[in-house]
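Chemist: Would you be able to build a 3D model of this:
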Amino acid sequence: MAEKVVIIGGVAGGASTAARLRRLSEEMEIVLLERGEHISYANCGLPYYIGEVIKEREALFVMTPQKFQDWFNIDVRVNCEALNLDRAGQKVEVVNHLTGEKYWESYDYLVLSPGAEPIRPPLPGIDSPSVFTLRNVSDTDGIYNFIRDNRPTSAVVVGGGPVGLEMAENLQARGMTVTLVELSSQVLPFLDREIAALVQQYLRARGINLHLGDGVAAFREGTGKGLFVALQSGGEIETDLVIFSIGVRPEIKLARDAGLDVGRGIKVNEQLQTLDPKIYALGDAIEVVDFVTGSPAVIPLAGPANKQGRIAADNIAGRREAYEGTQGTAVLKVFELTVASTGASERTLEQAGLEYKQCIVQPNSHAGYYPGSSPIVLKLLFSPEGRIYGAQAVGYGGVEKRIDVIAAALRSGKNIYDLQALELAYAPPFSSAKDPVNMAGYVAGNILQGDVQVINCDELLSPDKGDLKIVDVREPEENELGHIPGAVNIPLGQLRRRLSELSPEQELVVYCSVGLRSYLAARILMQKGFTRVRNLNGGYRIYRALQEEKVKGEQKEVFKEAAQQTPADVQQEKVIPLDLCGLQCPGPIMEVFRKMNELAGGEILEGNDVFYLLGSEYPAQRGASSST
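Modeler: Purely as a prediction, here's the structure:
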């Protein structure tokens, strides 16, 4: 007699399990229960349908229930929710929400893939019809129809995670002024502070109002259609629409009530079995092993959920397969910016008690002499022995490619020296002869081999940094546009003949814009008898970003000036175009300096998006401003 498998949950993991089971066995009886009315839809595409980037609603549906049934001969039951499990009797109680009928469905194997639910705290006013969460197609329809029917001009997004940022972008695309409120001090909690700071500055540049380090206390109705969002800090924001996106929690109630082992999520072994060998669990609902630290973790991502579905199906069908953990590889579009990461962050490593080192490199996405290149800020975390722990990157092109390469190296147990040896595809439109991944490996190797010592920007910003002599090795024009307080300016080209101005007994910190010229300066000094030399990791660009983020909600003066201008003011100004693509450091800054010196009264510089990574570490001077 053919075995019967009941699967609870019909989106990524559940649908993947069902399809794989059928490919392995034509005889198996497969029942797929989904409490909503849709299965196998593009959950990650929902914000882009709301923003009308995805034009057709039907494009969201990878597979309809009828097609899934026809193609795979699977008994698909939508609007059917599992209520209770009887493990001893190997059956599940089901309610059909359309008819109200309740019945028991037997199984030989059960697969739990219920996903995760949005966190929705019991705040006063949160049940207002203007407040939404986003999890499924029904939520998406509600938000889309609200925008269509009410034509809101403003929106508040509560939560600075990936969905929150995607919603901020797409609501702005629908013509709304968007404010983002985040309880922690940064957006995107899986990022380290340096990378998050660059994302935050870019969001402000694109017109997103940020309230970081602040939470929502309550919602109250306004006099008209509007809604007031009361903040924990005491302020209020008036808005037409609220998207509540502060995170998700695994749906574990069914498993817990059935006596299965649960922690933050449903606990499973390597074969994705629960403590009941007849019951498997997968997707956003389970507790996985962090691939880097070995600690239990909840990491809700579509890629791992699909892989887990295939592994669970293989095990049910008698093919023994193991899930080896989740490393959290992710990528996010933030307007024109790409943000990606893999493996552990500093916070994760510290929580796990793992010692680590880091480096930040800022190469171009491809050869600078080929048009269209733009900077990538790439941070690599590694052990004192060279094991790759994780990486994060932000930029406009080629970001996800580099993170994917490092993700593959991390998964296969390679180290930072292996990154140096990787032979990666090169042609001027796509990369450089030394790919950014190679460069990260070289710099990490320099640190471990003692060719250079680094100091992180956080240390230099600390009031307890000690008695340091700070040397700015950039050109005078760059120094004039902005510098670290107390730094002496000795350009790299003058360093050898001005060594007498420095003392070998002093602890020296050298810096430039991104860290390359200061590395050269450190090597000169170290070979000239200066033994206490450290290079500023990430350079002035990262220092400046972190310095500004220390003041909550503070924006750069260049952005403030632009925001304060009235439409009439803007119309009267003459716009001077500024294209910094492809320029090698310090070329972008020298070009900014040259153009600013040429500005007359009422003229402004206008740059493409790449300006905000290449030149934005310097405040506007001489009454000039920038815009996009």
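
Chemist: Residues in contact with stretch 148-159: which ones?
Modeler: Stretch 148-159 has contacts (CB atoms under 8 Å, 6 or more residues apart in numbering) with 146, 164, 167-168, 171, 175-182, 216, 225, 229, 237-247. In short, each C-beta sits where N, CA and C put it, glycine included.

Chemist: again with stretch 320-332
Modeler: 162, 165-166, 188, 190, 270-272, 288-292, 294, 297, 299, 301, 303-304, 307-308, 310-311, 314-315, 338-344, 390, 399-400, 403-404, 407, 410-411.

Chemist: Only the buried residues of that stretch, if you could.
Modeler: Glu321, Tyr323, Gly325, Thr326, Gln327, Gly328, Thr329, Ala330, Leu332 (16 or more other CB atoms under 10 Å).

Chemist: related to what we said a few turns ago, from the contacts of stretch 148-159, list the buried ones, please.
Modeler: Buried, going by 16+ other CB under 10 Å: 146, 164, 167-168, 171, 176-182, 216, 229, 237, 239-246, out of the contacts of stretch 148-159.

Chemist: What are the boundaries of the helices in the stretch 301-450 of the chain?
Modeler: 302-316, 346-352, 399-411, 416-421, 436-448 (DSSP state H, counting those that start in this stretch).

Chemist: can you tell which of those helices is closest to Arg206?
Modeler: Closest to Arg206 of the helices of the stretch 301-450 of the chain, according to CB to CB: helix 399-411, at 17.2 Å.

Chemist: pLDDT on that closest one, on average?
Modeler: In this model, helix 399-411 has an average pLDDT of 98.

Chemist: Repeat that for stretch 320-329.
Modeler: Computed over stretch 320-329, the average pLDDT equals 97.

Chemist: Correct me if wrong, but Glu81 is in a strand.
Modeler: Yes: inclusion of Glu81 in a strand is indicated when DSSP: H, G, I helix; E, B strand; the rest coil is applied.

Chemist: quick one on the thing from earlier: turn the buried residues of stretch 320-332 into CSV, columns for distance to Gly125.
Modeler: CSV is the format used below for the buried residues of stretch 320-332 (distance: CB to CB, whole Å):
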residue, distance to Gly125
Glu321, 48
Tyr323, 42
Gly325, 41
Thr326, 36
Gln327, 40
Gly328, 34
Thr329, 38
Ala330, 32
Leu332, 30
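
Chemist: Which member of those residues is positioned nearest Glu194?
Modeler: Leu332 (16.5 Å).

Chemist: that older thread, helices - which of the contacts of stretch 148-159 land there?
Modeler: If you go by DSSP state H, those have Phe146, Gly164, Met167, Ala168, Leu171 in helices.

Chemist: Distance to Ile8 and pLDDT for the residues you listed - can I get that in a markdown table?
Modeler: Compiled in a markdown table, the ones in helices among the contacts of stretch 148-159 are given as follows (distance: CB to CB, whole Å; pLDDT from 0 to 100):
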| residue | distance to Ile8 | pLDDT |
| --- | --- | --- |
| Phe146 | 30 | 97 |
| Gly164 | 28 | 97 |
| Met167 | 28 | 98 |
| Ala168 | 33 | 98 |
| Leu171 | 33 | 98 |
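
Chemist: what's the most distant pair in these?
Modeler: Phe146 and Gly164 (17.6 Å).

Chemist: So which residues of the stretch 51-200 of the chain form helices?
Modeler: 65-72, 137-150, 162-173, 193-205.

Chemist: what's downstream of the last one, the next helix or strand?
Modeler: This points to helix 193-205. strand 209-212 (DSSP states H and E).

Chemist: Pairing partners for that following strand, with directions?
Modeler: If you go by DSSP bridges, strand 209-212 pairs up with strand 177-182 (parallel).

Chemist: quick one, the partner strand and helix 193-205 angle?
Modeler: Orientation check (axes from the mean of the first three to the mean of the last three CA atoms, to 10 degrees): strand 177-182 against helix 193-205 gives 160 degrees.

Chemist: Filter the contacts of stretch 320-332 down to the buried ones and hand me the ChimeraX line.
Modeler: Selection of buried members from those for ChimeraX, criterion 16+ other CB under 10 Å:
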select :162,165,166,188,190,271,272,288,289,290,291,292,297,299,301,304,307,308,310,311,314,315,338,339,340,341,342,343,344,390,399,400,403,407,410,411
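
Chemist: I'd like the average pLDDT over the helix or strand where Glu480 lies.
Modeler: Using DSSP H and E, the element containing Glu480 is helix 476-481. For helix 476-481, mean pLDDT rounds to 95.

Chemist: and the helix or strand following that helix, what does it pack onto?
Modeler: For helix 476-481, the succeeding helix or strand toward the C-terminus, using DSSP H and E, is strand 488-489. For strand 488-489, the contact count by 3 or more CB pairs under 8 Å, 6 or more residues apart in numbering; DSSP states H and E identifies strand 469-472 as packing neighbours.

Chemist: now the strands for the stretch 151-300 of the chain?
Modeler: Under the criterion DSSP state E, counting those that start in this stretch, strands of the stretch 151-300 of the chain are mapped to 154-158, 177-182, 209-212, 216-221, 227-231, 236-239, 241-244, 248-250, 266-267, 279-281, 286-289, 296-297.

Chemist: rewinding a little: can I get the helices of the stretch 51-200 of the chain in CSV including distance to Ala255?
Modeler: Formatted as CSV, the helices of the stretch 51-200 of the chain follow (distance: least, CB to CB, whole Å):
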stretch, distance to Ala255
helix 65-72, 25
helix 137-150, 24
helix 162-173, 25
helix 193-205, 34
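
Chemist: what about these, which gets the closest to Pro47?
Modeler: That would be helix 162-173 among these, by CB to CB, at 4.0 Å.

Chemist: So which of the ones in helices among the contacts of stretch 148-159 is the closest to Cys359?
Modeler: Nearest to Cys359 among the ones in helices among the contacts of stretch 148-159, with distances taken as CB to CB, is Gly164, at 29.4 Å.
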